[in-house]
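Enquirer: how would this look folded up:
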Amino acid sequence: MAVLKSRFVVCAFLAVYIGCGLCENTFYVLNAPTFVKFDSTAGPIQANQVQDILALSLGLSPSKDIEWGGLLTGNIFKRPKSSVIFNIESQEGSRVKLKNIASFPIANDRVGFVETNYLMTSISVAYPTQSPILLDTTIDGKLFSLGSEYPNIFGSLPDSLDAVLPALLHGQSSILYKHDAPSLNISKPAHLQFFSELQMLEEVLVSLFKNKVLVDDSVPDSMTFALFGLRAIQEQDGLNSIEAKEASTILESFLIEIGNGFMELYDNSVIVTAVTTQRIPHFQHRSGRSILQNTQDPLTPDDLNVAERDEDFPAFFNIILWMSIILILFIYAVAYGMWYMDPGDTIIYRMTSQRIKMD
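Expert: Predicted structure coming up:
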């Protein structure tokens, strides 16, 4: 009986271990400021909690209570300037490994596209008089659909396969010159989609560096990028093909470079994450839209459980806090001195004793 029980325990352990090992849906923290800490032993995270975790890291309220404890309490006086997330989709059975500072399996077996609508809307509502950079790229007819408050900057970026091709072939920042890809050929639609998505990321980063004044403010930004080119190559050429393996290597290397680029852009004050998911059959990806577009029933801070903020709030908070601390220390020092004061050292005692003697 004891032998059977021990075998059952071993089998259960192996089942859990193998199940976790084969779990391909993963939440990666690629880059983060020193004042944002993650607990690598926190365990799996729900896919629908990813944007709430990012909202918390930016100092915003989540849409609901979160039981996951992977995000540790950090410096309340410092918050990241931006959140950048990559939605990477691959074919079922593939494994995408990214260099990271923390990684967590996603509990959901069938994740699909990780939404960030709440995160972007929370930023826009919390800073109604400001213009944060809210960039969301998805696949919907054309290759990319951009929604931003800065059409003069991002509106000039290519938004289709044909439009991105000149920058990919002849642009100064073309990724074809930076990565060796002998097995990939941009004349194939899947290969072109893969490189076009990476080139779009490069163009966005270059545009932001040219307009760095937009990121040097007190308003957090949010950017979401959809990367489905790897899955397209795996479906076209095969999961274990040379082309698929080469594309996966290029993607891993490129995300390291682009992550470091965003860290430099935001002066090491940005949290860069990635969510790797496997393709869900018959899954419909959502359409891209401007997160700040007008709607018939606009959301309010009460709807989102987000407080309206003033850009001067940190200054007033620090002034009140440190004035209160100084006042408390001053009162304590005076009280301490009076408590242990020798009566002979006080002018009141000396004047009173002299008057008694004269009387």
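Enquirer: What segments of the stretch 151-300 of the chain are strands?
Expert: Remark: strands assigned in the stretch 151-300 of the chain by DSSP state E, counting those that start in this stretch are 221-227, 270-278.
Enquirer: wait, which of those is closest to Phe104?
Expert: strand 270-278 (10.2 Å; Cβ to Cβ). C-betas here are computed from N, CA, C, even on glycine.
Enquirer: and the direction of that closest one versus that of strand 221-227, what angle?
Expert: Orientation of strand 270-278 against strand 221-227 (axes from the mean of the first three to the mean of the last three Cα atoms, to 10 degrees) gives an angle of 30 degrees.
Enquirer: Kindly format the C-alpha coordinates of strand 270-278 as PDB.
Expert: What follows is strand 270-278, C-alpha atoms only, in PDB (Å, rounded to 0.1, in the frame of the first residue of the first chain):
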ATOM      1  CA  VAL A 270      10.400  51.700 -18.900                       C
ATOM      2  CA  ILE A 271       9.000  48.200 -18.300                       C
ATOM      3  CA  VAL A 272       9.300  46.000 -21.400                       C
ATOM      4  CA  THR A 273       7.400  42.800 -21.400                       C
ATOM      5  CA  ALA A 274       6.400  40.000 -23.800                       C
ATOM      6  CA  VAL A 275       3.600  37.500 -23.900                       C
ATOM      7  CA  THR A 276       4.200  34.400 -26.000                       C
ATOM      8  CA  THR A 277       1.100  32.400 -27.000                       C
ATOM      9  CA  GLN A 278       0.300  29.600 -29.300                       C
END
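Enquirer: What's the separation between the residue nearest to Gln199 when sequence neighbours are not counted and His179?
Expert: Spatial nearest neighbour of Gln199, chain neighbours left out: Leu168 (4.8 Å); criterion: Cβ to Cβ, 6 or more residues apart in numbering. Between Leu168 and His179 the distance is 12 Å, computed by Cβ to Cβ, to the nearest Å.
Enquirer: of the two, who's got more company?
Expert: More neighbours surround Leu168 than the other of Leu168 and His179, with 22 against 17 (other Cβ atoms under 10 Å).
Enquirer: low-confidence ranges in the stretch 51-200 of the chain?
Expert: Under the criterion pLDDT under 70, the flagged ranges of the stretch 51-200 of the chain are 108-113, 138-153, 155, 159-162.
Enquirer: any chance you could map the helices in it?
Expert: Counting by DSSP state H, counting those that start in this stretch, the stretch 51-200 of the chain has helices at residues 117-126, 151-154, 161-170, 189-210.
Enquirer: out of these, which comes closest to Ile320?
Expert: Ile320 sits nearest to helix 117-126 of all the helices of the stretch 51-200 of the chain, at 20.8 Å, using Cβ to Cβ.
Enquirer: in that closest one, what's buried?
Expert: Across helix 117-126, burial judged by 16 or more other Cβ atoms under 10 Å covers Tyr118, Leu119, Met120, Thr121, Ser122, Ile123, Ser124, Val125, Ala126.
Enquirer: next one: stretch 221-237
Expert: In stretch 221-237, counting by 16+ other Cβ under 10 Å, buried: 221-234, 237.
Enquirer: Between the two ends of that stretch, how far is it?
Expert: Start-to-end span of stretch 221-237 (Cα to Cα, to the nearest Å) is 37 Å.
Enquirer: returning to what we had before: any idea which of the buried residues of stretch 221-237 is closest to Ala315?
Expert: Among the buried residues of stretch 221-237, Asp221 lies closest to Ala315 (Cβ to Cβ), at 21.0 Å.
Enquirer: give me every residue that touches the closest one.
Expert: Contacts for Asp221 (Cβ atoms under 8 Å, 6 or more residues apart in numbering) come out as Lys81, Ser82, Ser83, Ile123, Pro132, Ile133, Leu134, Leu135, Val215.
Enquirer: Rebuild the strands of the stretch 151-300 of the chain as JSON lines, extending it with mean pLDDT and distance to Ile328.
Expert: Below are the strands of the stretch 151-300 of the chain laid out as JSON lines (pLDDT from 0 to 100; distance: least, Cβ to Cβ, whole Å):
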{"stretch": "strand 221-227", "mean pLDDT": "89", "distance to Ile328": "38"}
{"stretch": "strand 270-278", "mean pLDDT": "91", "distance to Ile328": "35"}
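Enquirer: out of those, which comes closest to Gly74?
Expert: For the strands of the stretch 151-300 of the chain, the distance to Gly74 is smallest for strand 270-278, at 10.8 Å, taking Cβ to Cβ.
Enquirer: Please name the strands paired to that closest one in the sheet, noting orientation.
Expert: Here strand 270-278 has these sheet partners by DSSP bridges: strand 26-31 (antiparallel), strand 82-90 (parallel).
Enquirer: Make CSV out of the ones you listed and add distance to Leu58.
Expert: Formatted as CSV, these follow (distance: least, Cβ to Cβ, whole Å):
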stretch, distance to Leu58
strand 26-31, 14
strand 82-90, 6
